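Q: A structural model of the following input is requested.
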Amino acid sequence: AMAQAALGAAGLHFDELNKLRVLEPEVAQQTAQLREECRAFLDKIVEFQKIVGSLIELVDQLAKAAESEKMKAIGARNLLKSIAKQREAQEQQLQALIAEKKVQLERYRIEYETLCKIEADQNEFIDQFIFQK
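A: Numbering: from 1, shown residues only. Down below sits the predicted model:
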């Protein structure tokens, strides 16, 4: 016991296998326990980094998919706008054509009325000519 105390004073200790150690057995055990806890902690950190990595990857994929859908939607909207403009232009062309045809119809109606009047005048002239003979 005295030898042990003298060794202890010099910073030397015996472990449970009676091997000479620089650390007290309790401190050595705590150190080993701390080392194990650190290892477990590092393993958890590595696992956490993997999870975070895959999460970032997933978010990235979602962002790309969202961007792609957004571009599709913008494309579809632009297509609809251009179709609407085309329809509008077609409608205006047709309205112009209708107006043109109405003018033409009115011209033909007047021409027809004039021709009817001329025919009536000529028939009247022929009737008078025949009756004179």
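
Q: the bottom helix or strand of the protein by mean pLDDT?
A: Scoring the helices and strands of the chain by mean pLDDT, DSSP states H and E places strand 20-21 at the bottom, with a mean of 63.

Q: after it, next one along is what?
A: helix 25-132 (DSSP states H and E).

Q: what's the offset of that following helix from the middle of its chain?
A: In terms of CA atoms, centre = their mean, to the nearest Å, the centre of helix 25-132 is found 15 Å from the chain centre.

Q: which stretches of the chain aren't confidently modelled?
A: 3-5, 7-18, 20-25, 133 (pLDDT under 70).

Q: what about 90?
A: 1-32, 129, 131-133 (pLDDT under 90).

Q: Look at G53 and say how many residues are nearby.
A: G53 has 10 neighbouring residues, counting by other CB atoms under 10 Å. To be clear about C-beta, it is placed using only N, CA and C from the backbone, and glycine gets the same treatment.

Q: Tally up the residues packed near V52, please.
A: The number of residues packed near V52 is 10, by other CB under 10 Å.

Q: For A84, see how far away it is.
A: In this structure, V52 and A84 are 47 Å apart, going by CB to CB, to the nearest Å.

Q: Then A96?
A: 19 Å.

Q: try Y112
A: For Y112, the distance to A84 - CB to CB - is 41 Å.

Q: Check T31 too.
A: According to CB to CB, T31 and A84 sit 78 Å apart.

Q: and if you look at E91?
A: Counting by CB to CB, the gap from E91 to A84 is 10 Å.

Q: what's around E106, how many residues?
A: 10.

Q: and what of the one 3 residues further on?
A: Here the number of neighbours of R109 (other CB under 10 Å) works out to 10.

Q: what does R39 give?
A: By other CB under 10 Å, 10 other residues sit near R39.

Q: do I110 as well
A: Using other CB under 10 Å: I110 sits among 10 other residues.
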